[in-house]
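S.K.: Quick one, fold the following:
(2 chains, ligands or ions: 2)
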Amino acid sequence: MSDFLIHVSAVACLYGILALALNLQMGLSGLVNFGLIALFGCGTYGAAFAHLWGWPPLAGLALGLVFAALLGLFFARLGDRMSEDYWGIATLSLAEIMRLVFTNEQGLAGGAQGVSGLPVTFAALPADTAALARLALYAALLVVAFVICQRIARSGFGLSLKLMREEPQLARALGYDLARSRRIVMVVSSLMAAVSGFLYAHYLTFVGPEQLMSHETFLIWSMVIIGGIANNWGVVAGAILMQFALAYVPFVKDWFDVPSDFVAATRLIIVGGGILAFLIWRPKGIFPERIGGSHV
Amino acid sequence: MIEASNIRAGYGDGPDILQDISMTASAREIVTILGPNGCGKSTLLKTVAGFVRPRGGAIRINGEGAETVPIHEKVRHYGVGYVPQTDNVFRTMTVTENLLMGARDLSRDTRNERFEALMTQYPTLANKRRRKASALSGGERQILSLARALMAGPRILLLDEPSAGLSPAMMHDVFEAIGRIRDAQDMCILMVEQNAYEALSISDRAYVLSLGKVALTARSADLLNDPAMERLYLGGDPDA
Ligand SMILES: Nc1ncnc2c1ncn2[C@@H]1O[C@H](COP(=O)(O)OP(=O)(O)OP(=O)(O)O)[C@@H](O)[C@H]1O
Ligand SMILES: [Mg+2]
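M.R.: Ligands and ions are numbered 1, 2, ... in the order given. From the prediction side, this is the model:
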């Protein structure tokens, strides 16, 4: 396999984990989170702080998971107090606040410059083997995340999430404690996002605030919408598809000999246009959610 | 047994929709709440259920203070079943699934037993058990919603206009069924209704609300036979 293909596949796996996390929130539970990237950021900055403080990398993972669980719980608590649409705006604002704080506080993880020189995962192995080992690790974790999501979707707990999405008042009237369900699903999905962020940090060997731009959140949204909202197979397929589509844009530029601005513009068109096109013509995505399968 | 005393309630920072309402409903009793549109009937039911937290007054269920108990706990604790006026089915789920949702804490055997009993009782639902609820008519959804509440075997049933949108024949069936479950299961039933004659004829007592207050409370039979009440609150006797 070419280095490039391995690279694109590795990143696709990390995005796949993020897409599964967003799908737990948005797809299964109807929690419209526009601030997903902040939860990913908990993982990247967990790695960054551990590196700065001279801790071993795995301590950074623990740190990132703690950050993510707390932030996820905070998001969930906000949801107790406001309606869905306001919650979406609140999550977007919180993610932006986090990014701006990291950009402007020079004393905090290098400010806008970020933190570089993190150890790359499997640094001890020869370069070729290490790349393959990383891909294998990410793919294995993607499978783990997938299995967790499938189990949740088919469980009684997953059912309460679907009822929350469909008709929350009614679900409460049948005895479902939706505040609790929301807390649990937010924590589980936040932990998944943080794992992805932690691995990403030790893949790029760099952590910076520009990784938390809100268009990253929308990229993950596009993966979920295109792949198939509330279908775990679908969102993983969406993540792989989008990641490959975006990765090959520069080649298209070379073939057709168009200016470099083209690359950035085309990425935006693929993400924005993809979301729009699917919402209009195929709102259920490539792999629609399966309904009618009894969960009880 | 429900005892509400001096309830004040409203939405958000809006005005008091309920102003000083007191009412009771006991086991083996059907209490009907009547009144014009927008007078606060649904709000009263939602306050008793626990969707709306009262701003003042007390709600006691089986003698325990329950003003601040959220609905999902009331369901488990006191066996409250609530059938809302609108948005009363899970649209993307089948009729069967909707019914099973109502019985989350039951053993498989009890659940299947009740399910089959309801299927026999409501052939309309039985014929469409594999249909998505979004494909049901308004009246069919109403019945599904009632049947789902019965799946859990509630001890206290709160019904918000159970007969809305039903044909006369179906309405008769539903009211008859409600009367039967009161007697068979010692249930405490609090019911908001617009079809006053039908509702009063199966219920024991009634409260007539007006602008967030109890304008009148009486035994259903007395209310049915009182010509003044008919003119004032029920819009006249159709047979007169
Ligand atoms: N969710 C809400 N938020 C704000 N105000 C509300 C809400 N629901 C109802 N109201 C207001 O409370 C008042 C009483 O409404 P409610 O639904 O209790 O009336 P009702 O007696 O059930 O009427 P109907 O016979 O039409 O069902 C109305 O003025 C209505 O505008
Ligand atoms: Mg009403």
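S.K.: can you tell me the helix or strand for the closest residue to ligand 1 within chain A?
M.R.: Ranking the residues of chain A by distance to ligand 1 (CB to the nearest ligand atom) places A:Gln169 first, at 10.0 Å. To be clear about C-beta, it is placed using only N, CA and C from the backbone, and glycine gets the same treatment. In this structure, A:Gln169 sits in helix A:168-173 according to DSSP states H and E.
S.K.: chain center to whichever helix or strand comes after that helix: distance?
M.R.: Using DSSP H and E, the helix or strand that follows helix A:168-173 in sequence is helix A:178-204. Offset of helix A:178-204 from its chain centre (CA atoms, centre = their mean, to the nearest Å): 8 Å.
S.K.: cool, stretch A:240-250 as well?
M.R.: 17 Å.
S.K.: Tell me which residues are up against that stretch.
M.R.: A:4, A:8, A:11-12, A:15-16, A:219, A:222-223, A:226-227, A:263, A:266-267, A:270-271, A:274, A:286 (CB atoms under 8 Å, 6 or more residues apart in numbering or on different chains).
S.K.: and if we set it to 7 Å?
M.R.: A:8, A:11-12, A:15-16, A:219, A:222-223, A:226, A:263, A:266-267, A:270 (CB atoms under 7 Å, 6 or more residues apart in numbering or on different chains).
S.K.: pLDDT on it, on average?
M.R.: Computed over stretch A:240-250, the mean pLDDT rounds to 88.
S.K.: likewise stretch A:78-85?
M.R.: Mean predicted lDDT for stretch A:78-85 stands at 84.
S.K.: gap between the two ends of it?
M.R.: 12 Å (CA to CA, to the nearest Å).
S.K.: Let me know the distance separating the residue of chain A closest to ligand 1 from B:Val89.
M.R.: 12 Å (CB to CB, to the nearest Å).
S.K.: what about stretch B:81-99, near chain A?
M.R.: Yes. On the criterion CB under 7 Å from any CB of the partner chain, stretch B:81-99 is in touch with chain A at B:82, B:84, B:87-88, B:90-92, B:94, B:97.
S.K.: by contact count, what packs against the helix or strand where A:Ala265 lies?
M.R.: Using DSSP H and E, the element containing A:Ala265 is helix A:261-268. Packing partners of helix A:261-268 (3 or more CB pairs under 7 Å, 6 or more residues apart in numbering or on different chains; DSSP states H and E): helix A:249-256.
S.K.: What angle do helix A:261-268 and the helix it packs on make with each other?
M.R.: Angle, helix A:249-256 to helix A:261-268, by axes from the mean of the first three to the mean of the last three CA atoms, to 10 degrees: 140 degrees.
S.K.: quick one: buried residues of helix A:249-256?
M.R.: A:249, A:253 (16 or more other CB atoms under 10 Å in any protein chain shown).
S.K.: hmm, back to that, could I get the contacts of stretch A:240-250 as JSON lines with pLDDT?
M.R.: Below are these laid out as JSON lines (pLDDT from 0 to 100):
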{"residue": "A:Val8", "pLDDT": "93"}
{"residue": "A:Val11", "pLDDT": "95"}
{"residue": "A:Ala12", "pLDDT": "95"}
{"residue": "A:Tyr15", "pLDDT": "96"}
{"residue": "A:Gly16", "pLDDT": "96"}
{"residue": "A:Leu219", "pLDDT": "91"}
{"residue": "A:Ser222", "pLDDT": "92"}
{"residue": "A:Met223", "pLDDT": "93"}
{"residue": "A:Ile226", "pLDDT": "91"}
{"residue": "A:Val263", "pLDDT": "78"}
{"residue": "A:Thr266", "pLDDT": "82"}
{"residue": "A:Arg267", "pLDDT": "82"}
{"residue": "A:Ile270", "pLDDT": "86"}
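S.K.: Do you know the pLDDT at the residue nearest to A:Leu268 when sequence neighbours are not counted?
M.R.: Nearest residue to A:Leu268, sequence neighbours excluded (CB to CB, 6 or more residues apart in numbering or on different chains): A:His215, at 7.8 Å. A:His215 carries a pLDDT value of 85.
S.K.: burial count for residue 26?
M.R.: Defaulting to chain A. 24 (other CB atoms under 10 Å in any protein chain shown).
S.K.: Chain B is the one I meant
M.R.: 13.
S.K.: now it: how far from B:Asp222?
M.R.: 18 Å.
S.K.: With A:Ser155 instead?
M.R.: Using CB to CB, A:Ser155 is found at 53 Å from B:Asp222.
S.K.: and if you look at A:Asn23?
M.R.: The gap separating A:Asn23 from B:Asp222 is 59 Å, by CB to CB.
S.K.: Just want to know which of the two has more residues nearby.
M.R.: A:Asn23 (29 against 12).
S.K.: quick one: the more buried one is in a strand?
M.R.: No. Assignment of A:Asn23 by DSSP: H, G, I helix; E, B strand; the rest coil gives helix, placing it outside any strand.
S.K.: Could you confirm whether the helix holding A:Gln169 reaches chain B?
M.R.: Yes. Using CB under 7 Å from any CB, we find that helix A:168-173 touches chain B at A:169-170, A:172-173.
S.K.: Much appreciated, bye for now.
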